[in-house]
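Colleague: After the sequence you'll find the predicted model.
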Amino acid sequence: MGFLTGLFWFVAVIAACMAAGWLFRTIAIAVTPKGVKKELRTAPLTASFGMMVIIIYIIVAVFAPLIAPFPERMVVGPEYMPWDETHLLGTDNLGRDMLSRLIFGARNTVGIAFATTALAFLIGSILGLLAATVGGWLDQALSRMVDVLMAIPALIFSLLLLTIFGTSVITLIIVIAVIDSTRVFRLARSVALNIVVMDYIEAAKLRGEGLWRLITREILPNAMAPLVAEFGLRFCFVFLAISALSFLGLGLQPPMADWGSMVKENATLIAFGDITPLLPAVAIALLTVSVNFVVDWQLHRASGLKE
Amino acid sequence: MTEQNNGKPVLLTMKGLRIEGRSDETWSEIVHGIDLTLHKGEVLGLIGESGAGKSTVGLAAMGFTRDGCRISGGEIVFDGIDLMKASEATKRNLRGKRIAYVAQSAAASFNPAHKLMDQYCEAPVQHGVMGRAEAESDAVDLYRRMQLPDPDNIGFRYPHQVSGGQLQRAMTAMAMACRPDLIIFDEPTTALDVTTQIEVLAAIRNIVEQFDTAAIYITHDLAVVAQMADRIKVLLKGDEVEEADTRSMLSAPKEDYTKSLWAVRSHARAEQPPVAADKTPVVSVQNITAGYGSVDVLMNVNFDIHERRTVAVVGESGSGKSTTARVITGLLPPRQGQILFDGETLPPDYRKRTRDQLRQAQMIYQMADTALNPKLRIRELIGRPAQMYLGLQGKALTDRIRNLLDLIELEPDDYIDRLPAELSGGQKQRIGIARALAAEPKFIICDEVTSALDQLVAEGILKLLDKLQSEFDLAYMFITHDLATVKAIADEVVVMKEGRVIEQGPKSEMFRPPHDPYTELLLSSVPEMDPDWLTDLLREREGG
């Protein structure tokens, strides 16, 4: 019986998600301009569900102070209060409102993850495209450097660097961005290597185009599709890396609300069969899955794959 | 319907065949009701431009359509079996055993991981026609009939170890393995050099006659189909234009479209007066030796190109034609020799050339698909050289772009903001021409610019190049392997083989004997629109 009920709920949740995705797509098609409309029509339900979740996260992150019932750091009652009307999700180990911290956590974790991914892409793709276009010793030097960085396990390496440089938000962003940019470098370089052999690049070189123009106008637009897809995936990895570091105590520092450290701080409750500490983990999982749904759809479109 | 079957029974009939293709989630019809009858042992040529539906109809003869296509109406009956109603199992049993298919690119169709013999034996063993040992000895026999070198052992090589022409013949032998009643040849020689093409054509014709196999021969090359087919059917955009037996079709085509196809080859450039001896050539290639790594690809190449003249550089693939172009443009600095432009030495490396030197020499590429950045609009594609070299901005630039589009006969308002993907092959090539013209050059290298295009479209491009030459006093270097193109556009011809110039001179002399033996071979290998040409040629070559 318990199994059947579980199965029922599982199916019900999936169906609800898909219904929400469908509803979101229908509304989105109705309100967006014509060009976007056509693309949205090709979105499968998974992708529209993913887009909906991402938009909700963004809204929550941007308007956190307006949405959250209590401030991020205020102690509002005793520790580990159960769920009730004022504190919808109870309180945490210091008596702070769980829901409010979850909402502010979206802002911190997602915002920092986004900044980090963007920085990693800036560094990685510029160097990668440069290496592929110029070639020769520059390519060799950059590629070997990246090989060395990639040889060290990412988590260990970031722990090491954070221990050396301290754990401010800025160092966190820079350290993770540098480590992740090596992966972006490899992708950007391999994609660009296939583009630089095309006749239109030869034509541009023979025309006497400079390096900057060659990279930005001739190569980058053609490398965009795989890079965008990678951006989504990389965002998830960075996001998980930050949460993992926070869980280990080297990421975002208290009293900032962060999903990773929230799991750690309230982990004792799990022993009592309370699911509250797992809610931040669910928030992480939901966003990761949603981003991947959207990325899958985009990859599918870019590569022209047909089922 | 034509009935000159010499009493042979009907093998394949198609009635009112309709095929739909899917694009953007909607189905649109691409073949609009084709009727076709094929008798045992008969060869039917299907010709038309790309997009005419030739391959689609050819594949439908096996009851097969490509992904994203479906047969929406009509009937296909093969030897009494209704392929529209037959089960997958029935059709699978027919394919490979009684109907075989020879694809355009044998190199892409063979599995590179298996030896030729393994791939040969697959169909007969699978269909239970013969055992493995029997199939192997049969393969050797067929390889011998296909005049493959070393027939006893060639089957034990991998596809990359034999040449393109040999691979195409091995594939035909493979199609013959089960002695099918019908073989569909889909442009089997299009990717080959003229000299190789002859061998493949002769081998195919020979084996089809020996086994009395019926064939559908799909091609866009009229001269080739004239050698191969008993009857010819002309297709245009999924419709039949006309059908007749080969001789009457060649001598008296009825429809205007067919006549225009036939007329393409008659375009020829008028004889130009000889160039004054003291005139400085626009480009002078002097004693060039060049190569990649330690291998010399070009050896002591010399020729001049004058204003308003077209020099055609002819040769098989690997003869060094394109390498010569790379040396002139500065992509490959030569080991020895120099390039003079208007009497002045050009720096060997393009990076050392001034912007004006770069502007003076432009290039048009073979594959317009890869020569135009797919993410840039026409406005930027052809506007960029004008902006860069001539410093045009704003309205002056837009005017110039519109003027260039007018020159290449594309409606400016319609095309200026399109992406390359929204153009046909011929239009893309025109944009490539416009991009070269935008720099206002004195000299343009045309690298096989028409070889990827249909004949009618190609002729349009050649005429356009001709017109632009006289309008802007351009000098052309025209790289090609197609001697019909040479006749149409060249003033002078340079014949290359294995990195050397083996003969050069005015066109009129080149097409008149006596020739260097290689030039002779090259010239005689160009198919002519005479159904007896291949037979006569083979007899002649055997005799001589």
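Modeller: Noted; the coordinates are in hand. Everything numeric here is computed off the predicted structure, so don't read it as measured data.
Colleague: do you know how far the residue lying closest to residue A:49 once chain neighbours are set aside is from residue B:359?
Modeller: With Cβ to Cβ, 6 or more residues apart in numbering or on different chains as the measure, residue A:21 is the residue that lies nearest to residue A:49, at 3.2 Å, once sequence neighbours are left out. Bear in mind the C-beta positions are built from the backbone N, C-alpha and C, glycine included. Residue A:21 is 55 Å from residue B:359, where distance means Cβ to Cβ, to the nearest Å.
Colleague: Look up which helix or strand residue B:503 falls in, please.
Modeller: Counting by DSSP states H and E, the element that carries residue B:503 is strand B:500-506.
Colleague: Tell me which strands that strand pairs with, and in which orientation.
Modeller: In the sheet containing strand B:500-506, its partner strands are strand B:492-497 (antiparallel), by DSSP bridges.
Colleague: quick one: the one residue in the stretch 301-450 of chain B that gets nearest to chain A from residue A:184, how far?
Modeller: Nearest residue of the stretch 301-450 of chain B to chain A, counting by Cβ to the nearest Cβ: residue B:375, 3.6 Å away. According to Cβ to Cβ, residue B:375 stands 20 Å off from residue A:184.
Colleague: got it, and residue A:118?
Modeller: In this view, residue A:118 and residue A:184 are 11 Å apart by Cβ to Cβ.
Colleague: These two: which has the busier surroundings?
Modeller: Remark: of residue A:118 and residue A:184, residue A:184 carries more neighbours, 25 against 16, as counted by other Cβ atoms under 10 Å in any protein chain shown.
Colleague: list the contacts for that one?
Modeller: A:120, A:121, A:123, A:124, A:125, A:128, A:227, A:230, A:234 (Cβ atoms under 8 Å, 6 or more residues apart in numbering or on different chains).
Colleague: what do you get for residue B:313?
Modeller: With contacts defined as Cβ under 8 Å, 6+ apart, the neighbours of residue B:313 are B:321, B:324, B:477, B:478, B:479, B:480, B:494, B:496.
Colleague: Which strand or helix spans residue B:208?
Modeller: Element membership of residue B:208 [criterion: DSSP H and E] is helix B:194-210.
Colleague: can you give me the offset of that helix from its chain's centre?
Modeller: Centroid displacement of helix B:194-210 relative to its chain, using Cα atoms, centre = their mean, to the nearest Å, is 17 Å.
Colleague: Show me which parts of that helix are buried, residue by residue.
Modeller: By neighbour count with 16 or more other Cβ atoms under 10 Å in any protein chain shown, helix B:194-210 contains the buried residues B:194-205, B:207-208.
Colleague: and if you look at stretch B:530-544?
Modeller: For stretch B:530-544, the buried set under the neighbour-count rule, 16+ other Cβ under 10 Å, comprises B:531, B:533, B:534, B:537, B:538.
Colleague: Likewise for stretch B:176-196?
Modeller: For stretch B:176-196, burial by neighbour count (16+ other Cβ under 10 Å) applies to B:176-178, B:180-189, B:191-196.
Colleague: so how far is the first residue of that stretch from its last?
Modeller: This stretch, stretch B:176-196, spans 20 Å end to end (Cα to Cα, to the nearest Å).
Colleague: Any stretches of the stretch 51-200 of chain B with poor pLDDT?
Modeller: Counting by pLDDT under 70, the stretch 51-200 of chain B contains low-confidence ranges at B:191.
Colleague: before we move on, back to that, output the buried residues of stretch B:530-544 as CSV; include the columns distance to chain A.
Modeller: Putting the buried residues of stretch B:530-544 into CSV (distance: Cβ to the nearest Cβ, whole Å) gives the following:
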residue, distance to chain A
B:531, 39
B:533, 36
B:534, 35
B:537, 36
B:538, 39
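Colleague: just the strands in the stretch 351-500 of chain B please.
Modeller: Along the stretch 351-500 of chain B, counting by DSSP state E, counting those that start in this stretch, strands occupy B:361-364, B:443-447, B:475-480, B:492-497, B:500-506.
Colleague: Distance from stretch B:27-41 to the middle of the chain?
Modeller: Stretch B:27-41 has its average C-alpha position 24 Å from the chain's average C-alpha position, going by Cα atoms, centre = their mean.
Colleague: just stretch B:69-80 next, same as before
Modeller: 30 Å.
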